[in-house]
Structures are given as C-alpha cells and as structure tokens.
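S.K.: build the 3D model from these lines:
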Amino acid sequence: MNRTPIEWAKNPDGTQGYTSNPVRGECPVGCPYCYVKPFRKRYGWHSDIRFYPEELKAILKRRKPAGIFLGSTIELFHDKTIQYMLKIMSTIRACPQHRFYLLTKQPQNLFKFSPFPDNCWVGVTATDGYRFIEALDALTLGKVKAKVIYLSFEPLLDWHIRSDILDQDLIAQQVNWLIIGAQTKPYKPPKIEWIEEIVQAADKAGIPVFLKDNLEPVIRTRGWQRQEMPVGGRQAYAKG
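M.R.: Prediction:
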C-alpha cells in the first residue's frame, strides 16, 4: 500500500490517500493510452497475472481510516482477474474504517458483487459518449447498488451526447460523482466544450465534479477550480 498522487483518491479526513494492487501483471484490457506500462518495466512486474495476498494483509493491519484505490494498475473486474475479487471484497467488508475506491472498464461484471458495502465507492470509466451510455446500461441492467457510484471521464477522448439525454441519464441512474481528466501519455486534453457540457449537466443534477489537475491548460480560460467530493468525502474547492 503506497501513498498516491491521484488527486481524487482521498482519505476520509480529506488528506491524500493510497493505492494498493493485490493483483498485478499485464492488464488484460490493454488500453493504448495506459499510463502504467512504463512502471511495469521499471519495477520488474511479471507479464502474467499474479495475486499478492500480502497487500490485503497490510490493509487489514491498518487501523487508522484510509482511502484506498484498489487495482490502480490493472482491471480487477476482467474475466481473467475477477477470480480474486472474492478475497478483495472480503477484505473490504472486514475494514469498515477504510474507504475503498474501485474503478472498472468492465461494468457488466459489477452486478456479481452488488450490493457493495457502504465503504466501497464504485466507479466506471467512460472515455467517450458511447462508453458513457454503455456504462449506464450496465449499471441499470445489473441493478448495481453502492453508497457512491461514480463515472470517471478519464481520459475524455471524444464526446457526442445530446444535452437533454445527458441530463436525464445522470439523474435517473443516481450517479453520485463525476471525475474528468485528460490523456497524459502522450498529453491529449479534451475540448473545453465537452468538459463544459458534462459539468453543466452535473450541476443540473446536483452531482459534484472533480476536475483533475491535468486539465489545467484547458480550463484555465474558464477560471474553474473545482475538485469536489460526494457526500461522505470532503469538498476541496468551491464551484467556480
């Protein structure tokens, strides 16, 4: 378990949180924009997928409440890794003092673990409008339940969704939080119009928005500085 520079992975008291990777190896999703690939080579991680139970043991030993992003370097809900989720969920339930962040590109498998315990924040990555609709469909059809359900538009690579559809879907699906960020390797920021449309829809639905620091070159023209957390978290910046 390591301190993380990922801005939105906060401890319950609002300080910077942690990442933990009990499953490591070559991510089966293989996103072309993956920021993790250079780290795998640097730290000598194996290409095959392996389970590291000592990561879960370290979490179990920690008593002070922490915010822990699980699986920051690999997709935990893929068919090739999901076998380890039973042990991971057991650890989550055994540590109610911690807040656990889960984030997936395989939302169709979330229903297998729903309802999630209250200390588990469940997110789905949506890189464009198509994957946004796909994510909401999976959450709905699977009847996924969690105290906090969030969408991560990182990296936001494309966006073509009618505003009225976006407004209705965010409200209907009871999404609690939105994160927006840019592709970083190589740097490819989203258009300001895309960000603005999503933020406006979130405001109408009363959903907090976290704009990552890597958007700063784009959003500085709007004077935005908002890194909001959902209820149960801590709002770091006011809307602007």
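
S.K.: C-alpha from now on. contacts and neighbour counts both.
M.R.: Will do.

S.K.: what ranges do the strands span in the chain?
M.R.: 2-3, 18-20, 23-24, 50-51, 67-70, 99-104, 120-125, 148-153, 177-180, 183-184, 187-188, 209-211 (DSSP state E).

S.K.: turn those into CSV, columns for mean neighbour count and mean pLDDT.
M.R.: Formatted as CSV, the strands of the chain follow (neighbours: other Cα atoms under 10 Å; pLDDT from 0 to 100):
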stretch, mean neighbour count, mean pLDDT
strand 2-3, 12, 94
strand 18-20, 21, 97
strand 23-24, 24, 93
strand 50-51, 14, 93
strand 67-70, 26, 98
strand 99-104, 23, 98
strand 120-125, 23, 96
strand 148-153, 23, 95
strand 177-180, 24, 96
strand 183-184, 17, 90
strand 187-188, 14, 92
strand 209-211, 25, 96
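
S.K.: shaky segments in the protein?
M.R.: Filtered on pLDDT under 70, the chain yields the residue ranges 28-46, 162-165, 167-173, 232-240.

S.K.: which residues are in contact with the residue at the greatest distance from the centre of the chain?
M.R.: Taking Cα atoms, centre = their mean, the residue of the chain most remote from its mean C-alpha position is residue 221, at 26.2 Å. By Cα atoms under 8 Å, 6 or more residues apart in numbering, no residues touch residue 221.

S.K.: could you redo the last one with a cut-off of 10 Å?
M.R.: residue 192 (Cα atoms under 10 Å, 6 or more residues apart in numbering).

S.K.: that one and residue 1, how far apart?
M.R.: For residue 221, the distance to residue 1 (Cα to Cα, to the nearest Å) stands at 37 Å.

S.K.: return the residues in contact with the residue nearest in space to the middle of the chain.
M.R.: Note on the chain: the residue nearest the mean C-alpha position is residue 103, at 4.0 Å, using Cα atoms, centre = their mean. By Cα under 10 Å, 6+ apart, residue 103 lies in contact with 69-72, 74-77, 121-125, 149-152.

S.K.: all the helices of the chain, in order from the start?
M.R.: 37-42, 53-61, 85-94, 129-141, 163-172, 192-205, 216-219 (DSSP state H).

S.K.: and the angle from the fourth one to strand 148-153?
M.R.: Read it as helix 129-141. 160 degrees (axes from the mean of the first three to the mean of the last three Cα atoms, to 10 degrees).
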